[in-house]
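Enquirer: Only the shape, not the letters, is given here:
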């Protein structure tokens, strides 16, 4: 009895620990800011669409449906459609289900394997033999043999190999979860940015078309002046060149618009012939004025790519334990219980039962160094995962810092463009009044309007940049995926 108790204590001690490194979450970076961009006020106000001053609210949470802050029902509808039909997101969801099932399958290794079996055999004994296999009179060489048995096998987790394997599978399932979240955030952000790009291109095309029409009027006027002798061929050629250069910018803009529509259609999971009917214009979008700014210590919790890299590091740590336990003795327990009889009705009758029980221990003595090299490979994979985690953290902070700098520059650029547009519009209005009084020529009026349209084109581009970089900030901060319930993964 004492020996049995001692053996139980030894086994309990062995099974209470798992070999290999115990994973600990990396601490949050000690950074207190995202660099030199610390001003809570982003950009000065401008009296144009998208010119409202934006402010950073430190610690404010990000809503799960952050795209609704642009206050466009059409945009929100397209985002929801993409989240339901995009094949990349569907693939990420399927990968997540696969990883979860593999984790559950690996977790079953904690339990014994029980198998039931039944066999029926029809056989003929040799007549000219000394031994009678059936111990019956050799009147009929033919016989039937029926066997029913139950087999149980179990691999005791003495050194923690099973626990480390389950730990690795669980970390891989968590990695797939965060890969899904990263795909979700990227997809929603791409739909928003693509819609903003479409709105910008439509505005640029409309402005360029008006500019080209004005330049054509100037060209016609200069040609008329040449006939009157008040302009020469050089003046005509110069104006024709300006008109042609403006017209040359239209085909690339129209091509970009078509390709942007194709990209938006693809994000919705559709073929190009089934593009959405909704179109977008900048004046239909509202600019979010209060922008969340997560604390640097929280960013690593919110970024799905950082969380995925962390789970990959966790899995690599567990795999080191698996490789280490593979070098140690392997234990196995097995048992069989059953009945075998010459008649089906005789099964489980007297003298037909059998059982076996056994245990085994194996230790690899020579494998050409395969196990030690696998252990070293696992160590190298752990180092690789650690470096990839650090790279993901650096990239996350860089993304936020870059976006904050872009937003600051966008606000300043939009204010300057709005002032230039206002001045150009005032100059054009003045030119119209002066022409009405007969103090300047019509060509001067058209030139003033050309300058106004050029300023208007720059203003459109500045507005679009501010909208796009606002969406980029929500993505850089993690996109609010943590505010979605787990049930949303199966929507």
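Expert: That came in fine, so what should we check first? No experiment lies behind these values; they were computed from the predicted model shown.

Enquirer: what about residue 427, how many neighbours?
Expert: By the measure other Cβ atoms under 10 Å, the count of residues near residue 427 is 16. For glycine as for every other residue, the C-beta is placed from the backbone atoms N, C-alpha and C.

Enquirer: Assess the claim that it and residue 452 are in contact.
Expert: Yes: between residue 427 and residue 452 there is a contact under Cβ atoms under 8 Å: 7.1 Å.

Enquirer: Please enumerate the strands of the stretch 301-450 of the chain.
Expert: Listed in chain order, the strands of the stretch 301-450 of the chain (DSSP state E, counting those that start in this stretch) span 330-341, 353-362.

Enquirer: Dump these into a markdown table; add mean pLDDT and mean neighbour count as well.
Expert: A markdown table is the format used below for those (pLDDT from 0 to 100; neighbours: other Cβ atoms under 10 Å):
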| stretch | mean pLDDT | mean neighbour count |
| --- | --- | --- |
| strand 330-341 | 94 | 16 |
| strand 353-362 | 94 | 10 |
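
Enquirer: Turn these into CSV, columns for distance to residue 289.
Expert: Below are those laid out as CSV (distance: least, Cβ to Cβ, whole Å):
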stretch, distance to residue 289
strand 330-341, 64
strand 353-362, 69
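
Enquirer: mind checking pLDDT for residue 228?
Expert: As predicted, residue 228 sits at a pLDDT of 88.

Enquirer: quick one: it from residue 221, how far?
Expert: 11 Å (Cβ to Cβ, to the nearest Å).

Enquirer: Next: residue 361.
Expert: When distance is defined by Cβ to Cβ, residue 361 is 101 Å away from residue 221.

Enquirer: Residue ranges in the stretch 101-250 of the chain under the pLDDT threshold?
Expert: Scanning the stretch 101-250 of the chain for pLDDT under 70 picks out the ranges 128-139.

Enquirer: Going by residue numbers, what spans are helices in it?
Expert: All helices of the stretch 101-250 of the chain, identified by DSSP state H, counting those that start in this stretch, fall at 161-228, 233-248, 250-267.

Enquirer: Residue 114 against residue 152, yeah?
Expert: Yes: between residue 114 and residue 152 there is a contact under Cβ under 8 Å: 5.2 Å.

Enquirer: Among the helices of the stretch 101-250 of the chain, which comes closest to residue 345?
Expert: Set against residue 345 and scored by Cβ to Cβ, the helices of the stretch 101-250 of the chain come closest in helix 161-228, at 42.6 Å.

Enquirer: just checking, what packs against that closest one?
Expert: Where contact means 3 or more Cβ pairs under 8 Å, 6 or more residues apart in numbering; DSSP states H and E, helix 161-228 is packed against helix 73-85, helix 87-107, helix 233-248, helix 250-267, helix 304-325, helix 442-476.

Enquirer: Give me the angle between the first one and helix 161-228.
Expert: To tie it back to what came earlier, the one meant is helix 73-85. 140 degrees (axes from the mean of the first three to the mean of the last three Cα atoms, to 10 degrees).

Enquirer: So which bits of helix 73-85 are buried?
Expert: For helix 73-85, a neighbour-count test (16 or more other Cβ atoms under 10 Å) marks 75-76, 78-79, 81-83 as buried.

Enquirer: The last one now?
Expert: Using 16+ other Cβ under 10 Å as the test for burial, helix 442-476 gives 443, 445-476.

Enquirer: Next: the second one.
Expert: Along helix 87-107, these residues count as buried under the neighbour rule (16+ other Cβ under 10 Å): 89, 92-93, 95-96, 99-100, 103, 106.

Enquirer: how many neighbours does the closest residue to residue 474 other than its chain neighbours have?
Expert: Spatial nearest neighbour of residue 474, chain neighbours left out: residue 66 (4.6 Å); criterion: Cβ to Cβ, 6 or more residues apart in numbering. Neighbourhood size, residue 66 [other Cβ under 10 Å]: 24.

Enquirer: Tell me, what's the model's pLDDT at residue 66?
Expert: What the model reports for residue 66 is a pLDDT of 95.

Enquirer: repeat for residue 484
Expert: Taking residue 484 on its own, its pLDDT is 83.

Enquirer: Just want the phi and psi numbers for the nearest residue to it once chain neighbours are set aside.
Expert: The shortest distance from residue 484 to any non-neighbouring residue, by Cβ to Cβ, 6+ apart, is to residue 64 (4.9 Å). The phi and psi values for residue 64, taken as degrees, to the nearest 10, are phi -70, psi -30.
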